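Colleague: got a predicted structure here, sequence first:
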2 protein chains.
Amino acid sequence: MERQRETIELSKARQPAEIGPARLDRQEHSTGTLGKALEVLDLIAHAPKPLRFTDILHQLNQPRGTLHRQIANLIEEGLVELNPDHSYAPGIRLLNLAARAWSKNSFRSIAEPHVRALHEATGETVHLGQVTDIQVVYLDKFESIQTVRMHSQVGNASPLYCTGIGKAMLALLPEDELDARVKRIEFNRHTQSTLYTAELLLSELDEIRRTGISHDREEHEPGIRCVAAGIGSFQSGTIAGISVTAPAFRIDEEMLVAWEKLVVKAARAIEADMKSKLGPRHQE
Amino acid sequence: MERQRETIELSKARQPAEIGPARLDRQEHSTGTLGKALEVLDLIAHAPKPLRFTDILHQLNQPRGTLHRQIANLIEEGLVELNPDHSYAPGIRLLNLAARAWSKNSFRSIAEPHVRALHEATGETVHLGQVTDIQVVYLDKFESIQTVRMHSQVGNASPLYCTGIGKAMLALLPEDELDARVKRIEFNRHTQSTLYTAELLLSELDEIRRTGISHDREEHEPGIRCVAAGIGSFQSGTIAGISVTAPAFRIDEEMLVAWEKLVVKAARAIEADMKSKLGPRHQE
DNA sequence: AAATGTCGTTCCATTATTTGGAACATAGTT
DNA sequence: AACTATGTTCCAAATAATGGAACGACATTT
């Protein structure tokens, strides 16, 4: 589609589909217009600082007119907002949609009592997360003390390779799937103890598979440790995890062991509930 | 586009744009494919119970093939998820997008310290809301006690006519804009004291404009009262509101007066902050 | 077991929408 | 005033979406 205009004079008729092999390495299904619009939205949503029109233009390499209309559509739909200084921000309609997504998420609502119970049993911060490609998205969070806002994490995404939940989820993947995803991970050494190569990660995953417990030993943020367990399986279609997080100084060996047991117990309880509440409808 | 197939034999060339008058009563700008996709997403997100393919088909009155591809695209993009029982739910990618929208929302972050201060001064639940067409969307919430989940309201929408914040925001609208929106309101009598006609509402808005304070006297939910004030103006482009909510039995006259003052003070403080933090960039 | 109905999926010529390039507009700078 | 970077509009050409029908998979009825 790029710079080919000069050469197509001879064959203006559209090529029939069987010529196709050129698009071997493309994504499976293009989602067409929707995908392009979301590319813009994602860029706006994930930008570290507010983007102006030209910033987006340069990052996406699209014609001005096209991008302009795409953004106009996004604004019209309330997915993007135009700031007074001509920068763009994601729109509050997203909040509304997400509120529905959150309350309707059956996995989250099934897990909720167990997440709460784990929080009450440990008194520490408990996270519930779900895998999305090569990230963990936090579905829920019970904060230890209400100093930080509860929202701080729900809906946010973190890397898989340096979080307790993330590693627990990776350990649930079958080998081929795991390899495919690990290849796409971009390792960053967040702290001294971050597992910063695929090799280190894979050998840690072996350990996690054996014990059923995953640890974050200050691998993502200095001073923060966590204990996590995976939930679900690749076959079941749900791959998630639950974790207890606390400052490193507050944790001693005895508590660690206790938490491990509680976290695993919670994970198994959630799995059991899922089977009884979702399985029947699926299998009957 | 409907049943015209037989008649267009003679003019296959596309009509030039100046013929346009046929589309007089259409919406301003059609957002094309994006709008259609969001129609489906909205339906799935706002349905009281999980929808299956055919449910959506009947509600949207579209050809099967078309709808099928639209949903497939939404799923491919992670905006919709397919449950094991073949029903659809909004996807967790929405959570991720919304988390960004929330943290990047400049109005919300400017207001946050004032919302928190109001919460601490009153000890009651404080809401921050923003107008969206004929609804109020809650941007933030500080709960009185942490019994209910904090998420319960953020991102959710309520009617304008029967909530304290909603009425406060309506009172900020210029007359023509107000009329246009009130016309589209569908009044429901949630409680005995709900203002259930446009007349009742408009005369209440007069009162709110005079005093600068809006009350919800158990108009939305029995036993729940609130005191609210509007923030911003139609001209400034921000129309929002802040409120203190409490069970009716807990409120006496003295507190009510105190809250009114505090709420108005918070609203004015937020407006001042907005001017100093957003205005400059805009005007300089 | 066969027949019927419902539901979800696939296909493809027709039709409508998006695209891309350029021209036009509007600040902000030298 | 000229220059630059930015935002907006336009339209033929390229592309994607549509709509109808046919297909397959199940479930229910005869």
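Modeller: Perfect, I can see it now.

Colleague: now stretch A:166-173: average pLDDT?
Modeller: The average pLDDT for stretch A:166-173 rounds to 97.

Colleague: could you look up the SS state of A:Ile239?
Modeller: strand (DSSP: H, G, I helix; E, B strand; the rest coil).

Colleague: in the sheet, who's paired with the residue lying closest to it once chain neighbours are set aside?
Modeller: Leaving aside its chain neighbours, A:Ile239 sits nearest to A:Val131 (4.5 Å; criterion: CB to CB, 6 or more residues apart in numbering or on different chains). In this view, the C-beta of every residue, glycine as well, is placed from N, C-alpha and C. Here A:Val131 shows beta-bridge partners A:Val136, assigned using DSSP bridges.

Colleague: near A:Val131, how many other residues are there?
Modeller: 25 (other CB atoms under 10 Å in any protein chain shown).

Colleague: check the stretch 101-250 of chain A for the residue nearest chain B and tell me.
Modeller: A:Gly155 (3.1 Å; CB to the nearest CB).

Colleague: now that residue: how far from DNA strand D?
Modeller: 27 Å (CB to the nearest atom of the strand, to the nearest Å).

Colleague: tell me how many other residues crowd that residue.
Modeller: When neighbours are defined as other CB under 10 Å, A:Gly155 has 29 of them.

Colleague: for it, what are its contacts?
Modeller: A:Gly155 makes contact with A:98, A:102, A:137-138, B:95-100, B:102, according to CB atoms under 8 Å, 6 or more residues apart in numbering or on different chains.

Colleague: with neighbour count as extra columns, can I get those in TSV?
Modeller: Formatted as TSV, these follow (neighbours: other CB atoms under 10 Å in any protein chain shown):
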residue	neighbour count
A:Ala98	28
A:Trp102	25
A:Val137	23
A:Tyr138	23
B:Leu95	27
B:Asn96	25
B:Leu97	28
B:Ala98	28
B:Ala99	24
B:Arg100	21
B:Trp102	24
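
Colleague: those residues in helices, which ones?
Modeller: A:98, A:102, B:95-100, B:102 (DSSP state H).

Colleague: what's the farthest-apart pair in these?
Modeller: A:Trp102 and B:Arg100 (14.8 Å; CB to CB).

Colleague: so where is the stretch 101-250 of chain A shaky, pLDDT-wise?
Modeller: Confidence mapping of the stretch 101-250 of chain A against pLDDT under 70 gives the ranges A:145-152.

Colleague: show me where the stretch 51-200 of chain A has its strands.
Modeller: Remark: strands assigned in the stretch 51-200 of chain A by DSSP state E, counting those that start in this stretch are A:51-52, A:80-82, A:87-90, A:125-132, A:135-142, A:157-159.

Colleague: count the neighbours of A:Gly32 for me.
Modeller: 13.

Colleague: and it, how far from chain B?
Modeller: Distance of A:Gly32 to chain B, computed by CB to the nearest CB, to the nearest Å: 7 Å.

Colleague: so that residue makes contact with B:Asn73?
Modeller: Yes - between A:Gly32 and B:Asn73 there is a contact under CB atoms under 8 Å: 6.7 Å.

Colleague: number of residues surrounding the residue nearest to A:Pro50 when sequence neighbours are not counted?
Modeller: Closest residue in space to A:Pro50, ignoring its immediate chain neighbours: A:Ser87 at 3.6 Å, by CB to CB, 6+ apart. The tally of other residues near A:Ser87 (other CB under 10 Å) stands at 19.

Colleague: give me the beta-bridge partners of A:Ser87?
Modeller: What pairs with A:Ser87, by the bridge criterion (DSSP bridges), is A:Arg52.

Colleague: pLDDT score assigned to it?
Modeller: 87.

Colleague: list the contacts for the closest residue to A:Leu74 other than its chain neighbours?
Modeller: Nearest residue to A:Leu74 in three dimensions, chain neighbours excluded: A:Val80, at 4.0 Å (CB to CB, 6+ apart). Listed by CB under 8 Å, 6+ apart, the contact set of A:Val80 reads A:40-41, A:44, A:71, A:74, A:88-91.
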